[in-house]
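A.B. asks: Predicted model and sequence follow; I will ask about them next.
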Amino acid sequence: MNTNVCYTSRLYLALAWCWLWLLFSACEREVEGLESPAYPSNPEVFIDGFSPGLNYAAFGGSVLTAFDVDREVTYNGSAASMRFEVPDVNDPRGAYAGGTYYTTVGRDLSGYNALTFWARASQPANIDVVGFGNDLGESRHQVTISGLPVNTNWKKYIIPIPDPSKLKAERGMFFYSEGPENEKGYTFWIDEVKFEKLGTLAHPRYLILNGQDQTETSFIGITKTIGGLKSVFNLPVGVDQEVTVAPAYFDFSSSDPSIATVDESGRVTVRGGPGTARITARVGGAVATGSLTIQSAGNFQAAPRPTRPVANVISVFSDVYPNVPVDYYNGYWAPYQTTQSADFTVDGDNVLHYTNFNFVGIQFTSPTINASSMTHLHVDVFIPNTLPANARFKIEMVHFGTPNITGAFTTIITAVQSRQWVSLDIPLVSFAGLSNRSNLAQIIFVDDSNNIDSFYADNIYLYNAGTPPSAPTTPAPTPTHPAANVISVFSDAYTNIAGTNLNPNWGQATVVTQVSIQGNNTLRYGGLNYQGIQLGSNQNVSGMQFLHLDFWSATSTSLKVFLISPGPLETPFILTVPTNGWSSVNIPLSAFVPPVNLSNVFQLKFEGNGDIFLDNIYFFRN
C-alpha cells in the first residue's frame, strides 16, 4: 500500500469535512441573524407612465375603461398623465369610475411622509375618494381623502402619511372612486404621482371617535369597533388637511383589560363587570384625541323572548321569527340625521344599537309589507344611559303610495325606565294619520324630547293579536331574591307583612279578588279606577333599593303605582300597558323620592283602567 496516497486521501477528507463544518456553521449563524428581506423603496407611482411592477384593477361596478393613459393633457409638458372618465347617471357600462393601483411586491415607503400628485378636471367637481393603501386585500394601512375639490387648473395635492414607519412593505400605491356630478359625467386627470419626504408638513394631530370623549354603557360579551379614525396635518399653504386612516396606524390600549380589551383593529370587547375601562390610542408615541369609556353593567339582560305564533307575525327584526327582506336598518338620511349604528350580538342574540340618536329609519321596499290583517306593532326598547327626564319616544310608520302616508305614535319612557327593557305593544289604529296599511315601507324612530342619547332595539314585528285572553293562563315568574333581602307585601314566595289589608274601603269602584293560577295566588283588579293596599304596619324601606311588581293586562291602557307615606305623601310611577304576557318591573325607590318618606311607608295605590292581575309585590335590595 502507498502510505503517502493513503495519508493524502485522509488529509483531503479531513479538510473536506472541516470545510463542510465551517460552511454549515456559517450558514447556521447567518440564519440565526437573518434579517427580513429589503423591499424596494421606489417612491414613483405614475411619472410619464407606470412605475415598474405597478398594476391596475377596476372596482366592481366601475366603468372598466374609465382609466386610460393620456399623452395630450399632461402636467407641465410631461410625457403622459392618468385620465379618468366619469360616466353619466344610468350609464350601462357602470355606475361610477373607480380602481386601485397596486404592486405584487411590497415597497418600503417608511422614508417618505406624503403621497403627492397634480390634478385638474374638465369642470369644477369633488372627487368622492382618493388615497393609498388599498391593496385588494386586507388594506391595513389605507389613507383616504373624501370630497377632494378639483377644477380646470392644475393643482398639487398632498396626502400625509400618519406614521411612515408602518409602511415597510406596502402594496397599495393609489386608489380613487368618483361618481357623476349633478347626474352628469366629466373627466379629470392626475399626473406626477409619487411619495415624497416633505419638510413642510406641520402640527400633526390624531383622532379617534372624531376627537370626542364618549361614554357608553355596555355589557359582557358586547363588541364595538372604534371609528372616526383620522389624522390632521398643516400643509405648506397653511391649511389643515384631514385624512381618514386605517386602525393599523393606531396603538390602542385599555385602562382595565379585565373590564374591556381592544385589539389592533380597534375592536373593543367587554370582558367583565360591573366596572369601567377607558380606551385610548397613540400614533407613533403621540396621544390621539378622543376616548371611549366603557361602563360595563355586567351580564347582558336580553329582551323578553316573543311567544306569539309565527303565523300571526310579520317580523322586521328578531331572532325568533323569519324577517322580511330589509333594505337597511339605518338609512342615514343626511344632512339632518345624526344617528349612527353600533349593532352587536350577545350569545347569538342580535341587537340594534343606535347612538347619537335624533331619528333613524328602517326601510323595507322589496317587497313592502301588507299589514292590513295585523293589529299591533311590537318593539322592545332599552335606553342604556340614565335619562335626565322623561322621554317622548315617537314611532312613525310610512305607507308608500301617491302620496305617501305617515302615521305617528308617541309614548312616554320615564326616567326610571332607563337601563331596562321596555316592551311596546302599539295598536296600529293608534298611529294617527295612517289610513292605509297595505303598502308599509318604513318604520322611523324619533327622539321627540331631545334627551335620548342612544337606545337598543329588538323584536320589531307586526302581529295579529286575535281575541286577547281575559286572564293569564300561567303564573307570574317565581322570585329568586333571598328572603333576607326582601320585605314582601303580596307573594307566595315570601312571608308577607302581617295584617296587610289588600282591599281597604277607599270608595273605589274596583272589584278585588284573589284567583289561583296553577296553584299560585294572584290579585285581580276588575274594572280598575283606583285601588289601595294598607300595610299591616308602617315599613322602613330606606335600606331597600327597588319595588318589584309582576303585572298582566290585556285591556288596560293606563296604569300607575304609588308609594304613600303619612301626610299623605305620594308619587306615581307609570307602568306600560297592555302587557305581552307577564311584565316584571324593578322600580328604583329613588323614583318615589321626594316627597315619599321611605323610612315610613304605610300604603300602596294603583290607578288606571281595565282588568289588572298582580303578583309578587315586594321591596328588595341586591
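C.D. replies: That came in fine, so what should we check first?

A.B. asks: only C-alpha atoms for contact and neighbour calcs from this point on.
C.D. replies: Noted.

A.B. asks: Point out where the stretch 51-200 of the chain drops to low pLDDT.
C.D. replies: Scanning the stretch 51-200 of the chain for pLDDT under 70 picks out no residues.

A.B. asks: now do 90
C.D. replies: Low-confidence segments of the stretch 51-200 of the chain, defined by pLDDT under 90: 94-95.

A.B. asks: any idea how far the nearest residue to Phe132 once chain neighbours are set aside lies from Ala79?
C.D. replies: Closest residue in space to Phe132, ignoring its immediate chain neighbours: Phe174 at 4.2 Å, by Cα to Cα, 6 or more residues apart in numbering. Phe174 is 20 Å from Ala79, where distance means Cα to Cα, to the nearest Å.

A.B. asks: who's more crowded, the two?
C.D. replies: Legend: neighbour count by other Cα atoms under 10 Å for Phe174 and Ala79, higher for Phe174 (24 against 15).

A.B. asks: That one should be in a helix, yeah?
C.D. replies: No: counting by DSSP: H, G, I helix; E, B strand; the rest coil, Phe174 is not part of a helix but strand.

A.B. asks: measure it to His399 for me?
C.D. replies: According to Cα to Cα, Phe174 stands 45 Å off from His399.

A.B. asks: if we can go back for a sec, give the bridge partners for the residue nearest to Phe132, please.
C.D. replies: Going by DSSP bridges, Phe174 is paired in beta bridges with Tyr101.

A.B. asks: got the contact list for it?
C.D. replies: Phe174 sits next to 45, 100-102, 130-134 when contact means Cα atoms under 8 Å, 6 or more residues apart in numbering.

A.B. asks: now with 6 Å?
C.D. replies: Taking Cα atoms under 6 Å, 6 or more residues apart in numbering, we find Phe174 in contact with 100-101, 131-132.

A.B. asks: And Ser341, by the same measure?
C.D. replies: For Ser341, the contact set (Cα under 6 Å, 6+ apart) comprises 353-354.

A.B. asks: what about Val237, how many residues close to it?
C.D. replies: 8.

A.B. asks: Please pull out the lowest mean pLDDT helix or strand from this protein.
C.D. replies: When each helix and strand of the chain is scored by mean pLDDT, DSSP states H and E, helix 3-32 comes last, with a mean of 35.

A.B. asks: how about the helix or strand that that helix is followed by: buried residues?
C.D. replies: Following helix 3-32 in sequence order, the next helix or strand is strand 44-46 (DSSP states H and E). By 16 or more other Cα atoms under 10 Å, the buried positions in strand 44-46 come out as 44-46.

A.B. asks: which of these lies closest to Phe592?
C.D. replies: Of all those, Phe592 sits closest to Val45, with 69.6 Å by Cα to Cα.

A.B. asks: residue contacts, that closest one?
C.D. replies: Counted by Cα under 6 Å, 6+ apart, Val45 has contacts 51, 193-194.

A.B. asks: do you know how far it is from Tyr101?
C.D. replies: Distance from Val45 to Tyr101, by Cα to Cα: 8 Å.

A.B. asks: what does Val89 give?
C.D. replies: Going from Val89 to Tyr101 by Cα to Cα gives 25 Å.

A.B. asks: between the two, who's got more neighbours?
C.D. replies: For Val89 versus Tyr101, neighbours defined as other Cα under 10 Å are more numerous around Tyr101 (23 against 16).

A.B. asks: Let me know whether that one touches Pro52 as I believe.
C.D. replies: No: counting by Cα atoms under 6 Å, Tyr101 does not reach Pro52; the two are 11.8 Å apart.

A.B. asks: what's the distance between the residue nearest to Phe132 and Asn151?
C.D. replies: For Phe174, the distance to Asn151 - Cα to Cα - is 20 Å.

A.B. asks: List the buried residues for stretch 504-517?
C.D. replies: Neighbour-count burial for stretch 504-517, with 16+ other Cα under 10 Å as criterion, is recorded at 510, 512.

A.B. asks: hmm, I was thinking of stretch 593-607
C.D. replies: By neighbour count on 16+ other Cα under 10 Å, the buried set for stretch 593-607 is 596-598, 600-607.

A.B. asks: Likewise for stretch 123-132?
C.D. replies: Using 16+ other Cα under 10 Å as the test for burial, stretch 123-132 gives 125-132.

A.B. asks: Could you tell me which of these belong to strands?
C.D. replies: Among these, the members falling in strands (DSSP state E) are 125-132.

A.B. asks: Which residue ranges of the stretch 251-400 of the chain form strands?
C.D. replies: Counting by DSSP state E, counting those that start in this stretch, the stretch 251-400 of the chain has strands at residues 251-254, 260-262, 267-270, 275-283, 286-287, 291-299, 313-317, 340-341, 344-346, 349-355, 359-363, 376-382, 391-399.

A.B. asks: which residues touch the third one?
C.D. replies: Which is strand 267-270. Applying Cα under 6 Å, 6+ apart, the external contacts of strand 267-270 come out as 220-225, 259-262.

A.B. asks: tell me the two of the contacts of Phe174 that are most distant?
C.D. replies: Largest separation among the contacts of Phe174 by Cα to Cα: Tyr101 and Gly131, giving 10.4 Å.

A.B. asks: Which ChimeraX command selects the buried ones in the contacts of strand 267-270?
C.D. replies: Buried members of these, defined by 16+ other Cα under 10 Å, are picked up in ChimeraX with:
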select :220,221,222,223,259,260,261,262
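
A.B. asks: Nearest to Ile617, out of the contacts of strand 267-270: which one, please.
C.D. replies: Ile220 (30.0 Å).

A.B. asks: which residues does the closest one contact?
C.D. replies: By Cα under 6 Å, 6+ apart, the neighbours of Ile220 are 270-272, 298-299.
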